[in-house]
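*Asks:* Here is a sequence together with a model predicted from it:
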Amino acid sequence: MNLQISHEETNGVHYLTLAGEVDAYTAPKLKEMLVPLTEEKNAQIVIDLANIDYMDSTGLGIFVGALKSTKKNDGTLKLRGMTERVKRLFEITGLTEVMDIDNEVKGEAR
Amino acid sequence: MNDRDFIIDRYKDLLTTYLNGKNETALYKGQQFSRKLIEQQISPEDVVSHHINVLNDLFPDMTEEMKDAFDFLLEVMIGYGFAYREHQSLRTRQRQLESEIEVAASMQQTLLISDVPTVDSLDIGVKSVPAKKMNGDYFNFVKDDKSISVAVADIIGKGIPAALCMSMIKYAMDSLPEQRMQPNLLLENLNRVVEQNVHPNMFITMLYGLYDTDVHKFYYAGAGHEPGFFYKAATDEFEDMFAKGLVLGVSRTTKYKEYEKQLGPGDMIILLSDGVTECRTSKGFIEREEIVALIRENMHKPAQEIVDSVFHELERLQEFELRDDFTLIILKRMV
């Protein structure tokens, strides 16, 4: 089980594209990459989850931590392209209400 | 002759045999012998020192340069000796830590264990099994004259941090007795405690409910917890028991909504942790419908036997290797 993370910066916006699984084993890798970005002042972060086919609650915890950290530093965090299984996890935990989530992008031309 | 002297003697034998015959067997015996040395905690520089003594015996005519060179080697090996002893002491320390974790785990079990209440009108079954030593799932029952409250929680993260967090939840709940009758207020108070006290990456999902044994109503509220099921005997149907609400520990001002269900005879409230629905087998995930089917298959049994049977079946499907903590609770109205 693995997680690939690619990072691009365009016009000051950080784009992270994840592929694989975000679970207890891969979460530290994501955290290491994501935390410094969320601690920048006014950071704008967009994370694409279209190729994440499994996420567990530890993985979810990383996004909760990132949300808190970006808020504290006046930044923004946006998640997009969730698969059904991942989307369900965000819905059950009520996180869809407090996070900026845009799942419409999937399949459209970018 | 003590073990140490014996080992020196044996070393001399082995070396002599090798020098005389230079065969593979003698070399192999040498390799075997190093295990003996490790067992006896003989350090690398001691081995070199024995080697020098044996050589002095065997070749009394060694040149001074050779002797000096060996002394030099001895000095160099002393560093290895330190590293070796450090390794040994770390191993001992690791064993101590492991046993301390065992003690902590069993303490957690005794501290947090909740008695399953008995009431005439309800049949209650509970199964909670940790995947590792410490359980990240938590359940708690409180019974009084005309009600039973039940909480099921899943602490995100595993092991010791989750266990510590769980103790906090337990004591916070114990200190909120006046909210016990109002599930939504209980969650709101608990959320404030959790938000102030946990690491930003941690959160807790919980379903809290109060069963009124006089009127057979179940009042409940949820904080991002895996939905349970409600079984209605009259229609013989299962439905999802949604209780929308944000997980505990994310936002201080979160409000929770209270829901209620009226139970008739034979109706069941089924509460679970995501370890039940997020079970992964070699063929993929267990879907919620499959859980319902398993409960239905065993529904004629007493509540405790239902939860036991569902657990055993899911354990079998996962090839007896739980990946997540498992908690399943059934409350069945008898009459």
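*Replies:* Okay, I see it.
*Asks:* Could you export stretch B:22-38 as CSV, CA atoms only?
*Replies:* C-alpha atoms of stretch B:22-38 as CSV (Å, rounded to 0.1, in the frame of the first residue of the first chain):
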residue,chain,number,x,y,z
LYS,B,22,42.2,-25.3,7.4
ASN,B,23,39.0,-27.1,6.6
GLU,B,24,35.5,-25.8,6.1
THR,B,25,34.1,-27.7,9.1
ALA,B,26,36.5,-25.9,11.5
LEU,B,27,35.4,-22.5,10.0
TYR,B,28,31.8,-23.4,10.3
LYS,B,29,32.4,-24.3,14.0
GLY,B,30,33.9,-20.9,14.4
GLN,B,31,30.8,-19.3,13.1
GLN,B,32,28.7,-21.4,15.5
PHE,B,33,31.0,-20.4,18.3
SER,B,34,30.3,-16.7,17.9
ARG,B,35,26.7,-17.4,19.0
LYS,B,36,28.0,-18.9,22.2
LEU,B,37,30.1,-15.8,22.7
ILE,B,38,27.1,-13.5,22.3
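*Asks:* What's the first helix or strand after the worst-scoring helix or strand of chain B on mean pLDDT?
*Replies:* When each helix and strand of chain B is scored by mean pLDDT, DSSP states H and E, strand B:280-281 comes last, with a mean of 66. Past strand B:280-281, further along toward the C-terminus, the next helix or strand under DSSP states H and E is strand B:284-285.
*Asks:* Tell me which residues are up against the helix or strand following that following strand.
*Replies:* Of the helices and strands lying after strand B:284-285 in sequence (DSSP H and E), the nearest is helix B:288-298. Contact partners of helix B:288-298, identified using Cβ atoms under 8 Å, 6 or more residues apart in numbering or on different chains, comprise B:229, B:231, B:238, B:240, B:270, B:272, B:276-277, B:305-306, B:309-310, B:313-314, B:330. Backbone N, C-alpha and C define where each C-beta goes, glycine included.
*Asks:* quick one: what helix or strand has the most centrally placed residue in chain A in it?
*Replies:* Centroid-nearest residue in chain A, with Cα atoms, centre = their mean: residue A:47, separated by 4.3 Å. Per DSSP H and E, residue A:47 falls inside strand A:44-55.
*Asks:* Show me which helix runs longest in chain B.
*Replies:* Secondary structure of chain B per DSSP state H: the longest helix is helix B:64-112.
*Asks:* For that helix, which helices and strands make contact with it?
*Replies:* For helix B:64-112, the contact count by 3 or more Cβ pairs under 8 Å, 6 or more residues apart in numbering or on different chains; DSSP states H and E identifies helix B:44-58, helix B:159-174 as packing neighbours.
*Asks:* Tell me the secondary structure at the residue sitting nearest the centre point of chain B.
*Replies:* Nearest to the geometric centre of chain B sits residue B:132, at 2.6 Å (Cα atoms, centre = their mean). Classification of residue B:132 by DSSP: H, G, I helix; E, B strand; the rest coil places it in coil.
*Asks:* and if you look at residue B:117?
*Replies:* coil.
*Asks:* Residue A:45 against residue A:37, yeah?
*Replies:* Yes: counting by Cβ atoms under 8 Å, residue A:45 sits close enough to residue A:37 to count as a contact (5.6 Å).
*Asks:* if I look at these two, which residues touch both of them?
*Replies:* Contacts common to residue A:45 and residue A:37, judged by Cβ under 8 Å, 6+ apart, are A:14, A:16.
*Asks:* picking that back up, how much space is there between the residue nearest to the centre of chain A and residue A:21?
*Replies:* Counting by Cβ to Cβ, to the nearest Å, the separation of residue A:47 from residue A:21 is 15 Å.
*Asks:* What are the contacting residues of the lengthiest helix in chain A?
*Replies:* As assigned by DSSP H, the longest helix anywhere in chain A is helix A:57-72. If you take Cβ under 8 Å, 6+ apart as the criterion, helix A:57-72 is touched by A:21-24, A:26-27, A:30-31, A:34-35, A:38-39, A:43, A:45, A:47, A:75-77, A:79, A:89-90, A:93, A:95, A:98-99, B:154, B:156-158, B:199-203, B:205, B:247, B:249-250, B:274.
*Asks:* Tell me the buried residues within these.
*Replies:* Among the contacts of helix A:57-72, those classed as buried by 16 or more other Cβ atoms under 10 Å in any protein chain shown are A:21-24, A:26-27, A:30-31, A:34, A:38, A:43, A:45, A:47, A:75, A:77, A:79, A:89-90, A:93, A:95, A:98-99, B:154, B:156-158, B:200-203, B:205, B:247, B:249-250, B:274.
*Asks:* Which of those fall in strands?
*Replies:* Those of those mapping onto strands are A:21, A:22, A:45, A:47, A:77, A:79, B:154, B:205, per DSSP state E.
*Asks:* of these, the lowest pLDDT goes to which?
*Replies:* Looking at these by pLDDT, the weakest one is residue B:154, with 89.
*Asks:* What residues does chain A have near chain B?
*Replies:* Residues of chain A lying close to chain B by Cβ under 8 Å from any Cβ of the partner chain are A:24, A:31, A:56-58, A:60-62, A:64-65, A:67-69, A:85, A:92-95, A:97-98.
*Asks:* Buried by neighbour count, from those: which ones?
*Replies:* Buried residues within these, counting neighbours by 16+ other Cβ under 10 Å: A:24, A:31, A:56-58, A:60-62, A:64-65, A:67-69, A:92-95, A:97-98.
*Asks:* any idea how far residue B:259 is from residue B:182?
*Replies:* Taken as Cβ to Cβ, the span from residue B:182 to residue B:259 is 12 Å.
*Asks:* overlap in contacts of these two?
*Replies:* residue B:219.
*Asks:* Tell me the confidence at residue B:8?
*Replies:* 79.
*Asks:* and it, what is it in contact with?
*Replies:* Residue B:8 neighbours (Cβ under 8 Å, 6+ apart): B:50, B:53, B:54.
*Asks:* hmm, which of these are the buried ones?
*Replies:* By 16+ other Cβ under 10 Å, the contacts of residue B:8 give B:50, B:54 as buried.
*Asks:* Go through the contacts of residue B:8 and name the one nearest chain A.
*Replies:* Checking the contacts of residue B:8 against chain A by Cβ to the nearest Cβ gives residue B:50 as the nearest, at 46.1 Å.
*Asks:* before we move on, what SS does residue B:214 have?
*Replies:* coil.
*Asks:* Which neighbouring residues are in contact with the nearest residue to it once chain neighbours are set aside, exactly?
*Replies:* Once flanking residues are discounted, residue B:214 sits nearest to residue B:146: 4.9 Å by Cβ to Cβ, 6 or more residues apart in numbering or on different chains. By Cβ under 8 Å, 6+ apart, residue B:146 lies in contact with B:212, B:213, B:214.
*Asks:* mind showing which ranges of the chain have poor pLDDT?
*Replies:* Using chain A. Residues of chain A meeting the criterion pLDDT under 70: A:1, A:105-110.
*Asks:* Chain B, not that one
*Replies:* Applying pLDDT under 70 to chain B flags residues B:1-2, B:133-134, B:157-159, B:278-283.
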